[in-house]
Structures are given as C-alpha cells and as structure tokens.
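>>> sequence-free structure coming up:
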C-alpha cells in the first residue's frame, strides 16, 4: 500500500512541508508511509510538539538532510520527549528562538 498523499507519482505532502526531501520515496511507495515524519505530522499521529507545524528549523533541511531531520523528529518533535526540546522550552518561556537552534541545544550548521 502506498501513502495516500502519493498521488499520481506526486507527493501532495509537499504542499504542506514546503521542501523536497528526496529520501522519503522509500516511505511513499510502501506501507512504511505511516512511519514518515511528514505523514505523522500532517495526520496528527502520535505525541507531537505544539510547535511542530510552525517550527522554523524545518526550512533548513534540504534533500540531503532527511536522515538528520528524521532523527530529530523521532527524538523530539514526534515523541514524548518534545517537552525537552531546547526550541520548545525557549519558545514557551517567551525567549527568541534562533531558526538554527537544534532541539538538543546545539546549532545547525547552515
């Protein structure tokens, strides 16, 4: 079974995620689509961070960074651990969140 957002070889999820992660095709074309971070986010599956839909960090991930993005979303954004994300904590405390701040408190090299 392919992802319901993979229509006529087009990834409709791109309309919501706004970048082209090439590595998602193994998800799109198989039953693994339910494990895809975009599928989970768009369909509100699992315990998600309140900020996941508007996280500025996402725009820095391009086609070659999908594995890193996948790990971050698994460790923070789409898990019970989302409340320990440095971005989440800073946002909730009213601080200014850098678009390159990583969930673990490090900085993304852009």
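Sure thing, it's come through. Everything numeric here is computed off the predicted structure, so don't read it as measured data.
>>> where does the prediction get shaky in this protein?
Counting by pLDDT under 70, the chain shows low-confidence ranges at 18-22, 61-64, 110.
>>> how about the strands of it, start to end?
Assigned by DSSP state E, the strands in the chain fall at 6-7, 10-11.
>>> how about the helices in the chain?
14-17, 25-28, 37-42, 66-72, 86-92 (DSSP state H).
>>> so how far is residue 83 from the closest residue to residue 72 other than its chain neighbours?
Counting by CB to CB, 6 or more residues apart in numbering, residue 72 lies nearest to residue 103, which is 5.8 Å off, once chain neighbours are set aside. C-beta coordinates here come from the backbone N, C-alpha and C atoms, glycine included. Distance of residue 103 to residue 83, given as CB to CB, to the nearest Å: 11 Å.
>>> quick one, what contacts residue 56?
97, 99 (CB atoms under 8 Å, 6 or more residues apart in numbering).
>>> that one and residue 8: what is the separation?
Applying CB to CB, one obtains 31 Å for the distance of residue 56 from residue 8.
>>> same check, this time on residue 36
Between residue 36 and residue 8 the distance, using CB to CB, works out to 18 Å.
>>> which one of these two is surrounded by more residues?
A count of neighbours by other CB atoms under 10 Å puts residue 36 above the other of residue 36 and residue 8, at 24 against 5.
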